[in-house]
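A.B. asks: Kindly generate the corresponding structure for this input.
(one chain, ligands or ions: 2)
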Amino acid sequence: MLRSASGLPFDDIRNLVAQMPGPDEEARAAAAARQGQLVKPPGALGRLEEIAIFIAGWQGREIPQINRPTVAVFAATHGVAARGVSPYPSEVTKQMVATFTDGKAAVNQICGVFGAGLRVFDLALDMPTPDIVERDALTEAECAATMAFGMEALAGEPDLLCLGEMGIGNTTVAAAIFHGLYGGEAAEWVGPGTGATGEVLARKVEAVRAAVERSRAHLDDPLEVLRKLGGREVAAMAGAILAARLQRVPVVLDGYVVTAAAAVLKALDLTALDHCLAGHVSAEPAHRAVLERLGLRPILDLGMRLGEGSGAALSIGVIKSALACHAGMATFAEAGVAEG
Ligand SMILES: Cc1cc2ncn([C@H]3O[C@H](COP(=O)(O)O)[C@@H](O)[C@H]3O)c2cc1C
Ligand SMILES: O=C(O)c1cccnc1
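C.D. replies: Residues are numbered from 1 along each chain as shown. Ligands and ions are numbered 1, 2, ... in the order given. Now for the predicted structure:
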C-alpha cells in the first residue's frame, strides 16, 4: 500500500491499475443463492438484491456488513475560478471546509443520520492550481503525489468509502475532463454547477473549450487529461478509488465532479470501476449521460446538485437497508412459509 506523498510517477499508477483484484465470485454466488431463499418473491427487493450481492463479492463473504462507512471529502482551489466561471468566489471553499469541521454543512447532517464518519482532506487551499485555460493544473510528479495522498482515505479502514468534494470552479474542471476524455462539443459537458447562467455560463463553456483545445495533443492518455485539466481534489479522488480497489473496499460515487475522477480510471482500464456504485444522479445535466457511458446506474435520483459527497452519503441508507434485509430475513424454510 502506498502511503507516501513523495511523488510516484504515472508508471507506478499504471502498475497499480494492472494489479486490481476482482470480486470474490464464490461469495457473490453464495449471496445470490441466499437471496433466492429469503422470504420474498424472487427479485422482489429489486436493486437491493443486486447491492447485497455486490457488497458480498467485494467483502468476500456471503453475509457482508457495513460497520464503518466513511465519507471522504477532498477540498481544493482552482485558478480557473478567477475567470468568473462560478457564481461564488473561491473563498467559499475554505469557508465550507470550516463549516464541515463545525458539523454544520448538509453532508454532516446526512452522515449523522446514517452513522457515517466524515473525513475532510484539505489540499493546499492557499495555493490554487494554475488556470487550466493557460497552463497544466499539475506536473506529473504533483499529480501522482496527489493521487497517493488520496489513498489516505483508506487509512481508517472504512468498509464503505463514499467520496465527496469541495472546490469552487470544479464543475468547470469536471466538464473539461469529460470533454477531454469523450470529445464532442464543450457545451455538451457544461452545466450550471452552483447556478451559473448567462455570461457566467458562457465563460464556463469558453474556458472548457479553450482548456481542452490547449491540451489537444495529449488527450489519448487519461492520466495526462487528469493532470492537465484536473484539480487536486479530482486527482486525490482518483487515487482513493484505486486504493479502495486494491483493498477490495466498495466505493460510492457522488455527483458530476466525483464521477470525473472515476471516468479517468475507467479510461485507463475498463474494469477499474467494478467496485463502484453511483450513489445518485446529480441535476448537473450531463451527469446522466456520463453514468450511462460508465455503465453505472444511480441508486438515487433526487434532483440534488450540491456535491460535498451528499448524494453518496444519502445512498448509505439504501445500501445498509439492502444488507439488513440480506442478513436478517428468514429463508422460506426457516419461517415456515410456503414457497410458490
Ligand atoms: C455554499 C456552497 C456549498 C457547497 N457545497 C458544495 N458545493 C459545490 O459547489 C462547487 C462547484 O460548483 P461551481 O463549479 O459552480 O463552483 C463545489 O465546490 C461543490 O462541491 C458548494 C457550493 C457552495 C456555494
Ligand atoms: O454534481 C455535482 O457534483 C455538483 C453539482 C453542482 C455543484 N457541485 C457539484
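
A.B. asks: Please tell me how far A262 sits from V39.
C.D. replies: Distance from A262 to V39, counting by Cβ to Cβ, to the nearest Å: 36 Å. Just so you know, the C-beta spots here come from the backbone N, C-alpha and C atoms, and that holds for glycine as well.

A.B. asks: These two: which is more packed in?
C.D. replies: A262 (25 against 15; other Cβ atoms under 10 Å).

A.B. asks: can you give me the mean pLDDT across the host helix or strand of the more buried one?
C.D. replies: Per DSSP states H and E, A262 falls inside helix 256-268. In this model, helix 256-268 has a mean pLDDT of 99.

A.B. asks: export that helix as PDB, just CAs?
C.D. replies: These are the backbone C-alpha positions of helix 256-268, laid out as PDB (Å, rounded to 0.1, in the frame of the first residue of the first chain):
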ATOM      1  CA  TYR A 256     -20.600  15.100 -11.600                       C
ATOM      2  CA  VAL A 257     -17.200  16.100 -10.100                       C
ATOM      3  CA  VAL A 258     -16.600  12.800  -8.300                       C
ATOM      4  CA  THR A 259     -17.600  11.000 -11.500                       C
ATOM      5  CA  ALA A 260     -14.900  12.900 -13.400                       C
ATOM      6  CA  ALA A 261     -12.300  11.300 -11.200                       C
ATOM      7  CA  ALA A 262     -13.900   7.900 -11.800                       C
ATOM      8  CA  ALA A 263     -14.000   8.400 -15.500                       C
ATOM      9  CA  VAL A 264     -10.200   8.900 -15.700                       C
ATOM     10  CA  LEU A 265      -9.700   5.400 -14.200                       C
ATOM     11  CA  LYS A 266     -12.300   3.800 -16.400                       C
ATOM     12  CA  ALA A 267     -10.500   5.300 -19.400                       C
ATOM     13  CA  LEU A 268      -7.300   3.600 -18.100                       C
END
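
A.B. asks: I'd like the next helix or strand past that helix.
C.D. replies: That would be, after helix 256-268 and using DSSP H and E, strand 276-280.

A.B. asks: for this protein, which spans come out with low pLDDT?
C.D. replies: Residue ranges of the chain with pLDDT under 70: 1-8.

A.B. asks: Outline the domain layout of it.
C.D. replies: Here the domain parsing of the chain from the TED database is 9-63+326-334, 69-320.

A.B. asks: Right, I'll leave it there.
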